[in-house]
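# How does the following fold in three dimensions:
(2 chains)
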Number of protein chains: 2
Amino acid sequence: MTAQPIAFYFDFSSPYGYLAAERIDALAERHGRAVAWRPFLLGAVFKTTRTEPLLGIPLKGDYARRDIERSARGLGLPFRLPETFPFLSVAACRAFYWLLDEEPERAHALALALYRRAFAEGGDISRAQTVIEVAEALGVSRAALEAALQDPAVKERLRSEVQAAIAAGVFGSPFMVVDGEPFWGHDRLADVERWLESGGW
Amino acid sequence: MTAQPIAFYFDFSSPYGYLAAERIDALAERHGRAVAWRPFLLGAVFKTTRTEPLLGIPLKGDYARRDIERSARGLGLPFRLPETFPFLSVAACRAFYWLLDEEPERAHALALALYRRAFAEGGDISRAQTVIEVAEALGVSRAALEAALQDPAVKERLRSEVQAAIAAGVFGSPFMVVDGEPFWGHDRLADVERWLESGGW
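Numbering: from 1, shown residues only, chains lettered A, B, ... in the order given. Here you go, the predicted structure:
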C-alpha cells in the first residue's frame, strides 16, 4: 500500500515551523509515511485571518518568545531568534521550489538547512546571499541559483504554491494535512502521531 | 512542604477552557498540587492583544471548531457548542467570586457545572437564570444569588479579579501559571505536567 505523504506547510520565518521541521520526518517515518515539505508565505493570509506577526503583539508576543525558547529547550533543540525578525522568506521559498522538481531530496535538505541557519544559528535567511551560501554548502551551483532567484517562472511557481496552500485551507505555520485532516501548530504533532497510529477518531 | 497552587485562568465562554477544566484537577492532584480556579473576562484583553473571538475569524474559525470537536472526542469528553456563541460570562463569573471566599469548594463545583452546562449540554450560561438554576442544583440559595448578581460589591470584585489577571500577564483561555511559569492553551497541559514532574527545564 502506498500511503499519502503528510503535507507539511510552513513559513521559513516561523520559529514553531522550525521546531516542527526538526521532528516531522522521524514522526512520519515511524508510520511509513513520506513528508511533502511545502513552504509558503504566511503573510499572504494575514489579511484574510485579520492576523499579524505573533511576536509583535502585546502580551502574546512576550509569551510566545518565552514559549518558543522553552519548547526548544524541552526538545533539546538549539534556538536563537534572528536579529531581523520577522523576516521575508521569499528567496528561501524560491530556492526551494526551483530545486524541488529536479532534486526533491536536495530541496528537502535545503529547507532544513535554511531553518537551522535562521533559528539554530540566528542567521539572516531573508538575504538572497545567505540562501545561496547555504545552498552552495549542499552542492548547489551558485550561478544557477542566482539566476533562478530572478527567473519569472520561479517567481510564478512560488505564487502558485502560495495560492495552492491557501486554497487547501492553510492559514498558519506549521500546518500539517494527514489524509485530508488538518492540524495547525507545532503543538498538534502529538495529535498527528495519534492520528497516524489510529486512523483517526 | 506546601507547594503553591496552580493558577488556572479561564473564560467561561472558552471551549478550550472547558477541555482544560475537565483535566486540570486530576493533573494537579497527581503532583500534590491544588488548583486556584480564576475565571476572568477574556474580552477585556482583546483590545490590548488586537484579537477577536476565535470562531468568527475566517479560516481559523472553521479550523478551530473542527479542532475543538476533535480534541473533545480524543479525550472522550462530550462537546456541544452553545447556539449563542461566543457569549458573555459576566453572571457566571460574579456567581463564582461571590461564592469563592465563603465556600471555595462549592465555587469550584459551580465553575465545573457551569462549563458542563455550556459545552457538554450546549446550554446558555450567559443568562443569569441559567447560572442560578445550575447553582441551585448545588444547594446555593436562589434568593441570595439573585441578590448577589446585582450587588455592587460583587460587581467590583469581578472587575478587580479581571484586572489582577491582566496584571499577571494573562491574555488567553485557558492560561495556567505554575510557580511563576506561564502556560497558555489547553495544548500546554502536557508541558504543565512535565514542568511539575521535573521542576522546569
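# Next, the buried residues of the lowest-mean-pLDDT helix or strand in chain A.
Here the helix or strand of chain A ranked lowest by mean pLDDT, DSSP states H and E is helix A:43-46, holding a mean of 90. Neighbour-count burial for helix A:43-46 flags A:43-45 (criterion: 16 or more other C-beta atoms under 10 Å in any protein chain shown). For every residue, glycine as well, the C-beta is placed using N, CA and C.
# so does the helix or strand that it is followed by get close to chain B?
Using DSSP states H and E, the helix or strand that follows helix A:43-46 in sequence is helix A:60-75. Yes - legend: contact between helix A:60-75 and chain B by C-beta under 8 Å from any C-beta of the partner chain is shown at A:60, A:62-63, A:66-67, A:70-71, A:73-74.
# if we can go back for a sec, got the buried residues of helix A:43-46 as JSON lines, with distance to residue A:12 columns?
As requested, those are exported to JSON lines (distance: C-beta to C-beta, whole Å):
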{"residue": "A:43", "distance to residue A:12": "12"}
{"residue": "A:44", "distance to residue A:12": "13"}
{"residue": "A:45", "distance to residue A:12": "15"}
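# re earlier: does anything pack onto the least confident helix or strand of chain A? Which helices or strands?
helix A:152-167 (3 or more C-beta pairs under 8 Å, 6 or more residues apart in numbering or on different chains; DSSP states H and E).
# residues near residue A:198, how many?
When neighbours are counted by other C-beta atoms under 10 Å in any protein chain shown, residue A:198 registers 9.
# For chain A, what lies in contact range of chain B?
Taking C-beta under 8 Å from any C-beta as the contact definition, chain A meets chain B at A:45, A:48-52, A:57-60, A:62-63, A:66-67, A:70-71, A:73-74, A:169, A:171-172, A:182-185, A:187-188, A:190-191, A:194, A:201.
# still on that earlier bit, closest to residue A:78 among the buried residues of helix A:43-46?
residue A:43 (26.1 Å; C-beta to C-beta).
# quick one: contacts for that closest one?
residue A:11 (C-beta atoms under 8 Å, 6 or more residues apart in numbering or on different chains).
# now do residue A:30
For residue A:30, counting by C-beta under 8 Å, 6+ apart, the contacting residues are A:193, A:196.
# mind checking how far it is from residue A:169?
Note on residue A:30: its distance to residue A:169, by C-beta to C-beta, to the nearest Å, is 26 Å.
# Then residue A:85?
According to C-beta to C-beta, residue A:85 stands 27 Å off from residue A:169.
# Over to residue A:140?
32 Å.
# Which residue of those two possesses the greater neighbour count?
More crowded of residue A:140 and residue A:169, by other C-beta under 10 Å: residue A:140, with 21 against 15.
# Low-confidence stretches in chain A?
Across chain A, the ranges flagged by pLDDT under 70 are A:1.
# quick one, helices of it?
Using DSSP state H, the helices of chain A run over A:15-21, A:24-30, A:43-46, A:60-75, A:90-100, A:104-119, A:128-136, A:142-150, A:152-167, A:189-198.
# And for residue A:155, nearest residue in space, chain neighbours not counted?
Leaving out its chain neighbours, the residue that sits closest to residue A:155 by C-beta to C-beta, 6 or more residues apart in numbering or on different chains is residue A:94, at 6.7 Å.
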